[in-house]
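[1] what would the 3D arrangement of this be:
(one chain, ligands or ions: 1)
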Amino acid sequence: EKAGFDHFMLKEIHEQPRAYRDTMGSRISADGTQVTLNELTTLTPEAIREINRVHIVACGTAYHAGMVGKYIIEKMARIPVEIDVASEYRYRSPIITKDTLVIVVSQSGETADTLAALREAKRCGAHVLAITNVVGSSVAREADDMIVTLAGPEIAVASTKAYTSQLVAFYLFGLHLAQTLGTQTAAEIAETLAALKALPEQVEAILEQAEAIKGVAEEMAKHDNLFFIGRGLDYAVALEGSLKLKEISYIHSEAYAAGELKHGTLALIEEGVPVIALATQHELLEKTVSNIKEVKARGANVLGIAVEGELELQKSVDSTFVIPKTLDVLAPALSVVPLQLLSYYASLARGNDVDKPRNLAKSVTVE
Ligand code: M6R
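    Take a look at the predicted model:
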């Protein structure tokens, strides 16, 4: 059932190219110019034009996918988006009207906090869209609309292919909004769709370099503290990389918006501390490089996650893992993969139960 892999997590990491292809599937027109989300029933073009704000609500890894989703929707559709973890959302009296679109993201569709947030949103008259991996789940049943991620069953507690499939769902939905609202040109949409379709092969290319990541992971597994830094979308991925590492390797790590380090966290950087610097966003590269220099000056050992060809960046770090070229907005769909592998191999090196980490359950059905 593990298809020859040692753990479900590794199998699921390797299923991501297939999950990408399936989740995009027939939702992209054959000529590559249009997104068709036929599953949206109540969210008609008229209803979309009424939306004046979006709330994204989720927990854990799904929340991190939502962070990328916020960036995508604001960039592509120019609608303001707020994001909350579900356990906070309900208790902060969020301002919800009938023109609010609430997007709940949940792999299992059974997370108690997310379900309760969904119910609260509906009670206030919002339109609720679910992004879920389980068609018959509670979240799927109670939402007004749903986009199903076709990741297939995810068994490992650490979410991998569900997260990346959620990203694809957000890309498609963002493009769908842009098409409907006219906030992007046909050429921009076609360019993003072409880059999306290239992702599965690009992930395959990353997976072929798993051995390189294994070596780095084994070295990192000797440390008790490490840091992830990044700006913009790289920060969202840093948070996910850090969660994954904590969850299965039990190594303490913190993810920081790179520019925020010097407001406190820099005090924790000392000789030999590993820092993973995500630097895939071209407009922010120079700024990220100066943050890398800040940690290097305090003795950090920096692993850069960089897009192919960025030689300047490579000079500023101790080692680099290179991902294939893509549009900046799509980079999270690639840059998270080496971080998943890093956690996997670090967990393995520490002799942990990779698929069933201590204290955690696959689906959290208590509030
Ligand atoms: O099933 P859900 O997507 O609602 O689950 C949400 C979180 O519990 C989940 O993503 C959790 O953070 C994962 N174990 C992370 O790998």
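
[2] pull the CA atoms of the helix or strand of the chain with the lowest mean pLDDT into PDB?
    The helix or strand of the chain with the lowest confidence, counting by mean pLDDT, DSSP states H and E, is helix 311-316 at a mean of 87. This file holds the C-alpha atoms of helix 311-316, laid out as PDB (Å, rounded to 0.1, in the frame of the first residue of the first chain):
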ATOM      1  CA  LEU A 311      24.100  33.400  -9.000                       C
ATOM      2  CA  GLU A 312      24.400  36.500  -6.900                       C
ATOM      3  CA  LEU A 313      22.200  34.900  -4.300                       C
ATOM      4  CA  GLN A 314      24.100  31.700  -4.400                       C
ATOM      5  CA  LYS A 315      27.300  33.600  -3.500                       C
ATOM      6  CA  SER A 316      25.700  35.000  -0.400                       C
END
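
[3] what segments of the stretch 201-350 of the chain are strands?
    Ranges of strands in the stretch 201-350 of the chain, per DSSP state E, counting those that start in this stretch, are 225-230, 252-257, 274-279, 301-307, 319-323.

[4] between the ones you listed, which gets nearest to the ligand?
    Taking C-beta to the nearest ligand atom, strand 252-257 is the member of the strands of the stretch 201-350 of the chain nearest to the ligand, at 13.8 Å. For glycine as for every other residue, the C-beta is placed from the backbone atoms N, C-alpha and C.

[5] quick one: that closest one to chain centroid distance?
    Relative to the chain's own centre, strand 252-257 is displaced by 16 Å; criterion: C-alpha atoms, centre = their mean, to the nearest Å.

[6] around A190, count how many other residues there are.
    Around A190 there are 17 other residues, counting by other C-beta atoms under 10 Å.

[7] now swap in N291 and tell me
    25.

[8] please identify the buried residues of stretch 128-143?
    By neighbour count on 16 or more other C-beta atoms under 10 Å, the buried set for stretch 128-143 is 128-134, 137-140, 142-143.

[9] related to what we said a few turns ago, can you redo the strands of the stretch 201-350 of the chain as CSV with mean pLDDT and mean neighbour count?
    CSV is the format used below for those (pLDDT from 0 to 100; neighbours: other C-beta atoms under 10 Å):
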stretch, mean pLDDT, mean neighbour count
strand 225-230, 97, 24
strand 252-257, 97, 20
strand 274-279, 98, 27
strand 301-307, 97, 23
strand 319-323, 95, 19
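
[10] close to the ligand: what parts of the protein are there?
    Within the chain, the residues that sit near the ligand (C-beta under 6 Å from any ligand atom) are 59-62, 106-108, 111, 114, 157-159, 247, 363-364.

[11] from the residues you listed, keep the buried residues only.
    Buried members of the residues of the chain next to the ligand, scored by 16+ other C-beta under 10 Å, are 59-62, 106-108, 111, 114, 157-159, 247, 364.

[12] tell me which of those residues fall in strands.
    If you go by DSSP state E, these have S106 in strands.

[13] return the set of buried residues in the least confident helix or strand of the chain.
    Residues 313, 316 are the ones in helix 311-316 that count as buried (16+ other C-beta under 10 Å).

[14] residues making contact with it?
    Under the contact criterion C-beta atoms under 8 Å, 6 or more residues apart in numbering, helix 311-316 has outside partners 279, 285, 288-289, 292-293, 296, 302, 304, 306, 320.

[15] please apply the same query to stretch 254-274.
    Outside stretch 254-274, the residues that reach it (C-beta under 8 Å, 6+ apart) are 219-220, 223, 225-231, 234-235, 238-239, 241-243, 275, 277, 287-288, 291-292, 294-295, 298-303.

[16] one more: stretch 208-221?
    Under C-beta under 8 Å, 6+ apart, the answer for stretch 208-221 is 226, 249, 251, 274, 303, 319, 321, 338, 341-346, 348-350.

[17] correct me if wrong: I83 contacts M67.
    Yes. Counting by C-beta atoms under 8 Å, I83 does reach M67; the two are 6.1 Å apart.

[18] overlap in contacts, the two.
    With C-beta under 8 Å, 6+ apart as the test, I83 and M67 reach no residue in common.

[19] closest one of the residues of the chain next to the ligand to L10?
    Closest approach between the residues of the chain next to the ligand and L10, by C-beta to C-beta: A158, at 10.6 Å.

[20] thought K356 was touching that closest one, still the case?
    No. Using C-beta under 8 Å, A158 is not in contact with K356; the gap is 9.8 Å.

[21] follow-up on the earlier one: sitting in helices, which of the buried ones among the residues of the chain next to the ligand do you find?
    60-62, 114, 247 (DSSP state H).

[22] pick out the most distant pair among these.
    T114 and E247 (18.0 Å).
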